[in-house]
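>>> no letters, just coordinates:
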């Protein structure tokens, strides 16, 4: 649903609060998402709720974009995305995309990571200079410390953590255990 929200926002043109030209490659359109998308035009309260959810998601995504770009401007070259899902930030930001010294570590559950890899095969112009390491993980099974060791992060350098895709799916206890 989130990729669909970003695609719809991107298609607003100049009025869009964010641009994610890759979102359409990941947007789900069938099943429950397709049903809700159609039902929203029949049930006005549902339309208002979905519009509000879409707006909130896009504002949050835009705010995180701003924080990531600010971290990059301040010299951060390592980014860890917990619950990466269909996040395409290393592709979307030209200054990061073409910086071979930038390291992106995408941590995600195996099913989502595999699906993303399949969908990436359909994206033209997906060549980038920055490094991306993808690690498939069940977060309840591994600590963040061990995942960062596996990804060979540069411990002496700053790391920007992006938690947008995981924060909704874990209990506070599971999240704290992962961070140990």
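Okay, I see it. Because the structure is a prediction, the values reported are computed rather than measured.
>>> find me the pLDDT at the residue sitting nearest the centre point of the chain, would you?
Centrality entry for the chain: nearest residue to the mean C-alpha point is residue 87, 2.5 Å, by C-alpha atoms, centre = their mean. The score at residue 87 is 93. That number is its pLDDT.
>>> give me every residue that touches it.
Contacts for residue 87 (C-beta atoms under 8 Å, 6 or more residues apart in numbering) come out as 81, 106, 162, 164-165. Quick note: C-beta positions are derived from backbone N, CA and C, even for glycine.
>>> biggest separation within the residues you listed, which pair?
Greatest spatial distance in these: 106 and 164, 12.1 Å, computed using C-beta to C-beta.
>>> among these two, which residue is more densely surrounded?
residue 106 (25 against 19; other C-beta atoms under 10 Å).
>>> now the more buried one. Its backbone dihedrals?
phi -100, psi 120 (degrees, to the nearest 10).
>>> quick check: it touching residue 113?
Yes - contact criterion C-beta atoms under 8 Å: residue 106 and residue 113 qualify, at 7.3 Å.
>>> what's the overlap in contacts for those two?
In terms of C-beta under 8 Å, 6+ apart, residue 106 and residue 113 are both contacted by the residues 84, 134.
>>> shared neighbours, residue 106 and residue 164?
If you check residue 106 and residue 164 against C-beta under 8 Å, 6+ apart, the residues they both contact are 81, 87.
>>> residue 33: what's its closest spatial neighbour, skipping adjacent residues?
Using C-beta to C-beta, 6 or more residues apart in numbering and skipping residues adjacent in sequence, the residue nearest residue 33 is residue 1, 5.7 Å away.
>>> tally up the residues packed near the one you found, please.
As a burial measure, residue 1 scores 15 neighbours (other C-beta under 10 Å).
>>> ok, residue 89 to residue 65 distance?
7 Å (C-beta to C-beta, to the nearest Å).
>>> in the chain, which spans are helices?
2-10, 23-26, 31-39, 44-73, 89-92, 94-97, 110-120, 144-151, 172-179 (DSSP state H).
>>> make CSV out of these and add mean neighbour count and distance to residue 158.
Below are the helices of the chain laid out as CSV (neighbours: other C-beta atoms under 10 Å; distance: least, C-beta to C-beta, whole Å):
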stretch, mean neighbour count, distance to residue 158
helix 2-10, 21, 27
helix 23-26, 20, 28
helix 31-39, 12, 37
helix 44-73, 14, 7
helix 89-92, 20, 17
helix 94-97, 14, 14
helix 110-120, 14, 25
helix 144-151, 15, 13
helix 172-179, 12, 17
